[in-house]
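sequence first, then the predicted structure, then my questions.
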Amino acid sequence: MSNQINFSDLAAPFAPEDLEFRAGATTADKTKALALAYITSRAVMNRLDDVVGPANWRDQYAPGPSGGVICGLSLRLDGEWITKWDGAENTNFEAVKGGLSDALKRVAVKWGIGRYLYATPDLWVSCQQRGKTVVIDQQAARNMFIKATGGQLPQGSKSPAPQPAPAPQPTPANGGSQPRPAPPPRPNGKRPDPMTAFWTEVWAQGLSREQGQALLREAGGDPTVALSRLQAR
């Protein structure tokens, strides 16, 4: 049996509603967390069915060498089964089921599925700490993702295109520096929150995500301090 696979379709971005988010790093005061986008195992299976066809993919599982589980995801290419492998630890909730799902999602990345999410720009959203777990606002993260990426990222993109830098302001007659205007108000009359204002300024100055992260670390995770230092550069 011969079949052709469109790998661009396999690696295409998902609709925002198919994404979920988990908390990564947090700010020093634990009020905001880095939202890390991921797809569910069900989304992976649906993508495989749609692009490859249900009869042209299969998965298999085995115990990991040091615990957890490894998954082999095979696609049928020109009549031959090609397999790639990856693994995951068992999770804290529904340990075995969670481990199986994570292993499938990880090996799917090796086939290009959801790989673009590793290039998502940093999204800092409100969070709550519940015991040892940090919980983020899923809808806020999804809305911020849509705003930052237009709903998706082009393949190979590492961040949204930087906004043009503001036109230089004339130097005052007294020789002092021209103060930079505050971020414009939102349509509802409110100004952007400090984290959004900081990243807006990062993109406006043409800086990379890594440079923005470094500025945040130097400011102890405080976006207000980081923004002030960035504007003073």
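Sure, I can see it. Numbers count the residues shown, from 1 in each chain.

domain parsing of this protein, as residue ranges.
Split into domains by automatic domain parsing, the chain comes to 13-153, 177-233.

as JSON lines, the ones you listed with distance to residue 6 would be great.
No exception for glycine: its C-beta is placed from N, CA and C like everyone else's. JSON lines is the format used below for the domains of the chain (distance: least, C-beta to C-beta, whole Å):
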{"stretch": "domain 13-153", "distance to residue 6": "6"}
{"stretch": "domain 177-233", "distance to residue 6": "30"}
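
quickly, which of those domains bottoms out on average pLDDT?
Mean pLDDT is lowest for domain 177-233 among these, at a mean of 66.

would you map the helices across this protein?
Secondary structure of the chain (DSSP state H): helices at 7-10, 41-51, 95-110, 138-149, 194-204, 209-218, 223-231.

okay, these, which one's buried deepest?
Neighbour counts (mean count of other C-beta atoms under 10 Å) averaged over each of these peak at helix 194-204, with a mean of 21.

now it: how far from the chain's centre is it?
Helix 194-204 sits 17 Å away from the centroid of its parent chain (C-alpha atoms, centre = their mean, to the nearest Å).

quick one, that helix and helix 209-218 angle?
What separates the directions of helix 194-204 and helix 209-218 is an angle of 140 degrees, with axes from the mean of the first three to the mean of the last three C-alpha atoms, to 10 degrees.

for residue 33, find the nearest of the helices of the chain.
helix 138-149 (9.1 Å; C-beta to C-beta).

neighbours of residue 66, just the number please.
For residue 66, the neighbour count with other C-beta atoms under 10 Å is 7.

same check, this time on residue 112
16.

once you drop chain neighbours, what's closest to it?
Of all residues not flanking residue 112 in the chain, residue 11 sits nearest, at 3.4 Å (C-beta to C-beta, 6 or more residues apart in numbering).

wait, the one you found sits on residue 118?
No. Counting by C-beta atoms under 8 Å, residue 11 sits too far from residue 118 to count as a contact (11.9 Å).

give me the more crowded residue out of those two.
Between residue 11 and residue 118, residue 11 has the larger neighbour count (other C-beta under 10 Å), namely 17 against 11.

need the contact list for that one.
Residues near residue 11 by C-beta atoms under 8 Å, 6 or more residues apart in numbering: 111, 112, 113, 115, 116, 155.

could I get the residues you listed as a markdown table with distance to residue 88?
Shown next, in a markdown table, are those (distance: C-beta to C-beta, whole Å):
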| residue | distance to residue 88 |
| --- | --- |
| 111 | 16 |
| 112 | 18 |
| 113 | 15 |
| 115 | 16 |
| 116 | 20 |
| 155 | 25 |
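
give me the buried subset of these.
111, 112, 113, 116 (16 or more other C-beta atoms under 10 Å).

quick check, the second one in contact with residue 10.
Yes. Under the criterion of C-beta under 8 Å, residue 112 lies in contact with residue 10, with a separation of 5.3 Å.

neighbours of residue 82, how many?
Neighbours around residue 82, by other C-beta under 10 Å: 11.

residue 202 contacts residue 216, correct?
No. If you go by C-beta under 8 Å, residue 202 and residue 216 don't touch, sitting 9.4 Å apart.
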